Every structure is written in structure tokens, then in C-alpha cells.
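Novice: Test case, fold it:
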Amino acid sequence: MGRWATAMLVAAAVPLASATAAPDPLAIQRERLTAAKADARAAATRAVELQRRADEERDAARKARTEEAAVAARIRRAQADIDAARARVAIVEALLARQRAELGARQEPIARLMAAITSLARRPATATIVQPGSISDLVHVRAVLGSALPAVRERTAGLRADLARTRALQASATLAEESLAQGRRSLVAERQKLAALRTRHADAAVRLDRDALVQSDRAIAMGEAARDIVDRMAALGETQATLEELSGLAGPPRSDPAISNTPPAYRLPVTGRLVTGFGEISDNGVRARGLTFAVPGNTAVNAPAAGRVIFARPFRRFGTVVIIDHGAGWTTLLAGLGGTAVGRGASVKAGQVIGRSVRSGDAEVTVELRRRGRPVDAAALMS
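Specialist: This next block holds a predicted model:
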């Protein structure tokens, strides 16, 4: 064996060069992973708290809003999980690339050493003996091999460990990809839940609005019925007071009873288009107790019969209301006036202006004639 072989073995047996440590390129991805995991934990905690509050909430509107907020928090957690999974994938891919580079650098000198040993092993032993100076070279080669074999074993053991770490990184990459896919599926599912929840809440809101309208109509009808009851109670009170006052007086002559039952001469308080007739039933199921006329704005409103004003002021949503007592239990209620020209206690004559309709173009005036608190069709008494 010549000196070239010895030089080859010596060069191959020198310690393997180690890779120079470079700045960590994974710092950004590691920071991203840490931030995403913290965001996911915070979102999960908020989702649990919001769901607990939604379960305990009794108000339907607040419960719906809290449930939607809980689903939105779960969507935020799914997005954070996706960010974390992407960071893991990037970290694993970077580690795999670094591991492959290091394995290539370590494999190259070992491959050269194994090639030199293989070349020596293939040389015939007789050629080594007959070659001049080969015995001393052989002894030298054996010495070199004896010192190089432990280093070879150590390096190959390190390579085996590196290969094992590479396989572990590949398994981690597979898990990271599965985690990313699972995060995407969770995000889609939570978004679908939020859409379904909002649709259900919108349907419930429509039903609630419809029920609220029905209940509002019922409340209006009940309010009208309650007003009838109050009016009847007031009429009963007036009747009782009148009976108590009359009980101490001498009875009227026999020819007078017909006078108390004679209705007053009656006329329309305004001239206009009849909107609601006596006894008509409205959409809310309320029966009209008088007549309602559509008139131009600022139309004069006249007293339909002589009497005394016992009420004259604005009342709730009915505008200014005037009530005239005609005597013998007959009263007239006029509603929808924009103002009145008479006050409580004033005596009025039939046809006297007692006020005017509202100034708007769509004014309505209502007249109700009553006999001891009971509605009477005024049209039958019109002169």
C-alpha cells in the first residue's frame, strides 16, 4: 500500500467538523405559538363564563345575546387553535430542514472514511506484502484504524440518534397537520352554530313581535272595556246621589213623568264624513259607542243640545274632551277637539260653538250620547 492510502485514512479519521451554531430562526414562530395558546385559553375561559351566564339568564333577549357572545368566543378560540397549529407546523418544518442539513454534513466525512476502508479491504494481501515499504505502511494503517474506529462508532451512534429525532419530528409534523385540520373543522362547526343560533333568535323575535301586537290589541280592548266600567260606575254614582237628593222632595205632579223621559232636541255637532257608525266593531273587537266624523282642520264644533258643561279639558289620547249634561240623565261626550271655548260649569245653548277641531288636515270628532250612562244612538234623535 502506498503513502496515498495512508494519507487518505489519516484525512478521513480526523474529527468531524461540527456545524456552526446560527441564530435561532424559530424565535418568531415560537412567540406566535405562545401568543396563540394564551389567546385560546382566554377565549375558552370567556366562552365557559358566557355560557354559564346564558344558562342562568331569565330574560329572553339578554339570554339570546349572551348565547351568541358565547358562540363568538368559541369561534375566537377555534381561530386561536388554528394559529397555534400553523405555528407548530412551521416550527416542525424548520426543525426538519435543520436536521436534514446537519445529517448531510455529518454523513459526508463518514462516507469518505467508509469508502477508504472499503478500498483497502479490496486490495489483495499479497500485494501488500510484496510492495516495498508496505509492512511499515500496514502497521501505520492499522494504528490509524485502531484510533479511528472509536470515533466512527461514536459518530454513527450520533447519526442514529439524529435519525430517530428526525422520525419523531416527522411524527410531530403529522400531528400538527391533524391539529390544524381539526381546528378548521371546529371553526366551521362553530360558525354554523352561530348562524343557526342567530336564525333561531330572529324567528323568535318575529314571533314575539307578532304576539306583542296581539297582546297590544287585547290590552286596547281591555282598556276600552275598563273605561266602560268606569263610566258605568260614575253614572251609577250620579244616579245614587240624585236619588238621595230627590228622596227628600215631594214627588212631581202626575202629568210630569213623561217630561223626564223625553229626549232633548238633538243636532249634529259638526258636518263631515261619517267614519264610524254607532255600534260598529273595530279591528280590535271594540264596539263604537257613538259617531265619528272626519272634518277639515279647525272646524267649529257646536253643542248638539242645550245643557251645562261638566268637563272640558284634554284627556289622554282623545284630545280635548267636552261633556255636556242635558238634564234628566242625558249627557253628550265630544272628543277630538283641538281646543274649547267653554269651561266647566258653563251653560250652553243648542248650536253654540264650544270649540274647534284640531288644526291638522285629518281631524276627527267623536260624539257620544248617553242616557244615564248607557250609550244611545244619536242618529235616531237628530232633528
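Novice: just the helices in the stretch 151-300 of the chain please.
Specialist: For the stretch 151-300 of the chain, helices defined by DSSP state H, counting those that start in this stretch occupy the ranges 257-261.
Novice: Check what pLDDT the spatially closest residue to residue 162 that is not a sequence neighbour gets.
Specialist: In space, and not counting its chain neighbours, residue 162 is closest to residue 103: 5.6 Å by Cβ to Cβ, 6 or more residues apart in numbering. Backbone N, C-alpha and C define where each C-beta goes, glycine included. Residue 103 is assigned 72 on the pLDDT scale.
Novice: Can you give me the domain assignment for this structure?
Specialist: Using automatic domain parsing, the domain ranges for the chain come out as 3-16+24-215, 262-381.
Novice: how about the longest strand seen in the chain: buried residues?
Specialist: If you go by DSSP state E, the chain has its longest strand at strand 330-340. Buried residues in strand 330-340, counted by 16 or more other Cβ atoms under 10 Å: 330, 331, 332, 333, 334, 335, 336, 337, 338, 340.
Novice: As JSON lines, these with pLDDT and distance to residue 294 would be great.
Specialist: JSON lines is the format used below for those (pLDDT from 0 to 100; distance: Cβ to Cβ, whole Å):
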{"residue": "330", "pLDDT": "94", "distance to residue 294": "26"}
{"residue": "331", "pLDDT": "95", "distance to residue 294": "24"}
{"residue": "332", "pLDDT": "95", "distance to residue 294": "19"}
{"residue": "333", "pLDDT": "95", "distance to residue 294": "18"}
{"residue": "334", "pLDDT": "94", "distance to residue 294": "15"}
{"residue": "335", "pLDDT": "93", "distance to residue 294": "14"}
{"residue": "336", "pLDDT": "91", "distance to residue 294": "10"}
{"residue": "337", "pLDDT": "94", "distance to residue 294": "14"}
{"residue": "338", "pLDDT": "91", "distance to residue 294": "14"}
{"residue": "340", "pLDDT": "92", "distance to residue 294": "20"}
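Novice: Does residue 341 touch residue 355 like I think?
Specialist: Yes: applying Cβ atoms under 8 Å, one finds residue 341 in contact with residue 355, separated by 5.4 Å.
Novice: Between the two, which has more neighbouring residues?
Specialist: Between residue 341 and residue 355, residue 355 has the larger neighbour count (other Cβ atoms under 10 Å), namely 24 against 16.
Novice: Could you tell me whether the more buried one really is in a helix?
Specialist: No: using DSSP: H, G, I helix; E, B strand; the rest coil, the secondary structure at residue 355 is strand, not a helix.
Novice: ranking the domains of the chain by burial, who's on top?
Specialist: Compared across those, domain 262-381 shows the largest average neighbour count, a mean of 17 (mean count of other Cβ atoms under 10 Å).
Novice: tell me the mean pLDDT over stretch 180-193?
Specialist: For stretch 180-193, mean pLDDT rounds to 85.
Novice: Surely residue 382 touches residue 269?
Specialist: No: here residue 382 lies out of contact with residue 269, judged by Cβ under 8 Å, at a distance of 11.0 Å.
Novice: The strand or helix carrying residue 39 packs against which elements?
Specialist: For residue 39, the element it lies in under DSSP states H and E is helix 27-56. For helix 27-56, the packing partners by 3 or more Cβ pairs under 8 Å, 6 or more residues apart in numbering; DSSP states H and E come out as helix 60-122.
Novice: what's the angle from the helix it packs on to helix 27-56?
Specialist: Interaxial angle, helix 60-122 versus helix 27-56 (axes from the mean of the first three to the mean of the last three Cα atoms, to 10 degrees): 150 degrees.
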